[in-house]
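Engineer: when you get a sec, could you give me coordinates for this:
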Amino acid sequence: MDQTGAHDALPTSLEVDVRRAITLIVIFVLIGVGAVTLYKVLNKASKKATGAVPTKQIDKANDIAVQAGIRAIQIGIDTYTATNGAAPMTADQATLGSMISPWPKNPFTGAPMAPGPGKGDYGYSSLGGTQYSLVAHLSAGTDYTAH
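Structural biologist: Below you'll find the predicted structure:
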């Protein structure tokens, strides 16, 4: 204000500098808040997107382990059949354990693979003579047939 009480028409250079500084501070604060918000949103979205991937990969790895285990059991059955002239009546650890060492583990439970309906378990049927059926149960409820 001047001596008459009227406002100066133009601000001083100091007033302009202060206003610019305040404006820049406000802009930087808004950019910071926006960046933090964006980070949180993207981080949450990333966790959701990648959350299913490890489980899917773990199931795939477990399925491969089940298939390897069932192949080991198949080799034990074939060895038993070659030694005894017929497929065994049962294909469990008690019958084939001396031919398969170590006995394969069910990767889903950590227990030895065994006949049963669960993931990592297997089904066995002696079909007479040297014929048999051997099927492993995988993570998605599908079966893998040993050949």
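
Engineer: hey, let's count contacts and neighbours off CA atoms from now on
Structural biologist: Will do.

Engineer: which is the next helix or strand following the lowest-mean-pLDDT helix or strand in the chain?
Structural biologist: Among the helical and strand segments of the chain, the one scoring lowest on mean pLDDT, DSSP states H and E is helix 13-84, with a mean of 79. The helix or strand immediately downstream of helix 13-84 is helix 93-96, counting by DSSP states H and E.

Engineer: just the CA trace of whatever helix or strand comes next after that next one, in PDB.
Structural biologist: Counting by DSSP H and E, the element after helix 93-96 in chain order, helix or strand, is strand 122-128. Only the C-alpha atoms of strand 122-128 are listed here, as PDB (Å, rounded to 0.1, in the frame of the first residue of the first chain):
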ATOM      1  CA  TYR A 122      -1.300 -92.800  -8.000                       C
ATOM      2  CA  GLY A 123      -3.600 -95.500  -9.200                       C
ATOM      3  CA  TYR A 124      -2.400 -99.000 -10.000                       C
ATOM      4  CA  SER A 125      -4.200-102.000 -11.400                       C
ATOM      5  CA  SER A 126      -2.800-105.400 -12.400                       C
ATOM      6  CA  LEU A 127      -4.500-106.400 -15.600                       C
ATOM      7  CA  GLY A 128      -3.200-110.000 -15.500                       C
END
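
Engineer: need the contact partners of strand 122-128.
Structural biologist: Strand 122-128 has contacts (CA atoms under 8 Å, 6 or more residues apart in numbering) with 70, 86-91, 113-117, 132-137.

Engineer: now do stretch 63-77
Structural biologist: When contacts are defined by CA under 8 Å, 6+ apart, stretch 63-77 is touched by residues 87-88, 91, 96, 99-100, 104-107, 113, 120, 122, 134-139, 144, 146.

Engineer: drop anything exposed from the residues you listed.
Structural biologist: Neighbour counting by 16 or more other CA atoms under 10 Å classes 87-88, 91, 96, 99-100, 104-107, 113, 120, 122, 134-139 among these as buried.

Engineer: can you confirm residue 135 is in a strand?
Structural biologist: Yes. Counting by DSSP: H, G, I helix; E, B strand; the rest coil, residue 135 is part of a strand.

Engineer: would you mind measuring from it to residue 121?
Structural biologist: Using CA to CA, to the nearest Å, residue 135 is found at 9 Å from residue 121.

Engineer: likewise residue 20?
Structural biologist: 72 Å.
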